[in-house]
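A.B. asks: coords please:
(one chain, ligands or ions: 1)
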Amino acid sequence: MIPLDAPHDLDRLRARARAAGLEAIAKKVLARERLDAADALELYRCPDPYAVGMLANHVRERMHGDLAYFNVNQHINYTNVCNKLCRFCAFQRLPGQEGAYIFSPEQIEQKLRDTADEPVTEVHMVAGIYPRLPYEYYLDILRAAKRARPDIHVKAFTMIELMQIARRAKRPLPEVLPELIEAGLGSCPGGGAEVFADRVQAEGYHLKNTGQQWLDTARQVHEAGLRSNCTMLHGHIETPEERVDHLTRLRALQDETGGFQTYIPLSFHPDNTEWSHLPGPTALDELREIAVGRLVLDNIPHIKAYWIMLTIPIAQLALSWGADDVDGTVVEERIYHDAGATTPQRVARQELLTWIREAGRIPVERDTLYNVIWSANEELAPVGAAAPVLS
Ligand code: V47
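C.D. replies: Predicted coordinates for the structure are as follows:
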């Protein structure tokens, strides 16, 4: 890659931004100043998405150079039974409906034993909300994962599941979290945030918690000492203003807690959902979403291009539009595949390395908390050193 401070590179960036009407925003970006809500809206409205992408790539390279993070992980969706009836979801089933399933703790243990010869460092466990699952079930599945692989990091439970778990425990979440941690919970994934705006929630997922409840739960998670991720589900009925509102609310919470590690824009997949008449985002919408996330969320260290959802070619491009992480090997994904994703359900570690290199980046295997496990970059040796976070 051309060095970041190569004068002709910055000139090219300024010229493209000027031509796109983003001169004032480019000035702020180059001066490391925070963008406000009006700037964010301009980034969404700008007719030249490539100019937005170039600015985001500048920030991405300033923070992470050419490094691109991945991990060796395994997703387990422990049940698809759900009572939330979200209109964007193809994964949910009602109890007794054809295709409904619930994995027992023993089945989860077995799934992790089945991959014992693979160097999996993280299990990502999320699922639907099935109110009949008792509190003990959630503790048991955490223990089952640890029994199968004592060293594995368990990243589990979205904020929605955590609210449900506390309800089942009949105690406030701050009292319950230490018990989940004791049973094996290591961090929380970013799902379930959708779009915080009340209008979108009322139209698309009115049985789910509000955006404010998601944020309040994330605050409690961070206060309990856990790291988590955050997401936004884009490309359905939301407006650019509602996306800006979502991003600035995430940024405000991050200013308070510093607990978010990664932001993941999730592209809506319409197949088999109640919103199947909507087209979903284009590739350029997806790349712009990654870029706006990188530019607005100046306090969140990483931006993830989730390859399962984007496809591998778009995830490769995203590594030059603001993303520095591609998620991992995954093994068994159901939420996006039920909604029509055409990507494979798993990818080998070696393949991840190859396509990160093809994208002109240096692959770095990380653990869930972004400690470096292996790097193709000699400067990151010795292995085990903490990965750089914010510049
Ligand atoms: O919460 C559901 C979304 C999320 C659809 O934290 C849909 O590292 C698009 O959150 N089209 C689950 N999106 C996935 C998720 C995630 C994925 C990878 C990594 C991490 C992380 C988190 O998927 C749900 C919901 O927002 N979703 N249905 C759909 N049809």
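A.B. asks: what's around the residue in the stretch 251-391 of the chain that the ligand sits nearest to, how many residues?
C.D. replies: Residue of the stretch 251-391 of the chain nearest the ligand, by CB to the nearest ligand atom: Ala339 (3.3 Å). To be clear about C-beta, it is placed using only N, CA and C from the backbone, and glycine gets the same treatment. A count of nearby residues for Ala339, using other CB atoms under 10 Å, gives 21.
A.B. asks: ok, now which ones touch it?
C.D. replies: 89-91, 269-273 (CB atoms under 8 Å, 6 or more residues apart in numbering).
A.B. asks: Can you report how many residues lie near Gly99?
C.D. replies: Taking other CB under 10 Å as the criterion, the count of residues near Gly99 is 8.
A.B. asks: where along the stretch 51-200 of the chain do the strands fall?
C.D. replies: For the stretch 51-200 of the chain, the strands defined by DSSP state E, counting those that start in this stretch occupy 67-71, 73-77, 122-126, 153-156, 185-187.
A.B. asks: Which elements pack onto the shortest one?
C.D. replies: In terms of contact count using 3 or more CB pairs under 8 Å, 6 or more residues apart in numbering; DSSP states H and E, strand 185-187 is assigned the packing partners strand 153-156.
A.B. asks: longest helix in the protein, by residue count?
C.D. replies: Counting residues, the longest helix found in the chain (DSSP state H) is helix 240-257.
A.B. asks: Quick one: mean pLDDT for that one?
C.D. replies: Computed over helix 240-257, the mean pLDDT rounds to 98.
A.B. asks: Of all the residues in it, which ones are buried?
C.D. replies: 242-251, 253-254 (16 or more other CB atoms under 10 Å).
A.B. asks: One more: stretch 137-150?
C.D. replies: Buried residues in stretch 137-150, counted by 16+ other CB under 10 Å: 137-149.
A.B. asks: Format those residues as a markdown table; extra columns: pLDDT.
C.D. replies: A markdown table is the format used below for the buried residues of stretch 137-150 (pLDDT from 0 to 100):
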| residue | pLDDT |
| --- | --- |
| Tyr137 | 98 |
| Tyr138 | 98 |
| Leu139 | 98 |
| Asp140 | 98 |
| Ile141 | 98 |
| Leu142 | 98 |
| Arg143 | 98 |
| Ala144 | 98 |
| Ala145 | 98 |
| Lys146 | 98 |
| Arg147 | 98 |
| Ala148 | 97 |
| Arg149 | 97 |
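A.B. asks: and the ligand, which of these contact it?
C.D. replies: The subset of the buried residues of stretch 137-150 within reach of the ligand, counting by CB under 6 Å from any ligand atom, is empty.
A.B. asks: Return the subset of those lying in helices.
C.D. replies: Counting by DSSP H, the buried residues of stretch 137-150 contribute 137-148 to helices.
A.B. asks: between the residues you listed, which is closest to Leu215?
C.D. replies: Leu215 lies nearest to Tyr138 out of these, by CB to CB, at 21.9 Å.
A.B. asks: What pLDDT does the model give Asp198?
C.D. replies: With respect to pLDDT, Asp198 scores 98.
A.B. asks: what does the stretch 51-200 of the chain put close to the ligand?
C.D. replies: Residues of the stretch 51-200 of the chain lying close to the ligand (CB under 6 Å from any ligand atom) are 88-91, 158, 189-192, 194.
A.B. asks: Can I get the residues you listed in TSV including pLDDT and neighbour count?
C.D. replies: What follows is those, written out as TSV (pLDDT from 0 to 100; neighbours: other CB atoms under 10 Å):
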residue	pLDDT	neighbour count
Phe88	98	23
Cys89	97	23
Ala90	96	22
Phe91	96	19
Thr158	98	23
Pro189	98	22
Gly190	98	24
Gly191	97	21
Gly192	97	26
Glu194	98	27
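A.B. asks: Looking at those residues, which is nearest Ala359?
C.D. replies: Ala359 has its nearest neighbour among these in Gly190, at 22.9 Å by CB to CB.
A.B. asks: Give the closest residue to the closest one in space, chain neighbours not counted.
C.D. replies: Distance criterion CB to CB, 6 or more residues apart in numbering; nearest residue to Gly190, sequence neighbours excluded, is Asn229 at 3.2 Å.
A.B. asks: tell me the mean pLDDT over the helix or strand hosting the one you found?
C.D. replies: Assigned by DSSP states H and E, Asn229 belongs to strand 228-234. In this model, strand 228-234 has an average pLDDT of 98.
A.B. asks: distance between that strand and the chain's centre?
C.D. replies: Strand 228-234 has its C-alpha centroid displaced from the chain centroid by 5 Å (CA atoms, centre = their mean, to the nearest Å).
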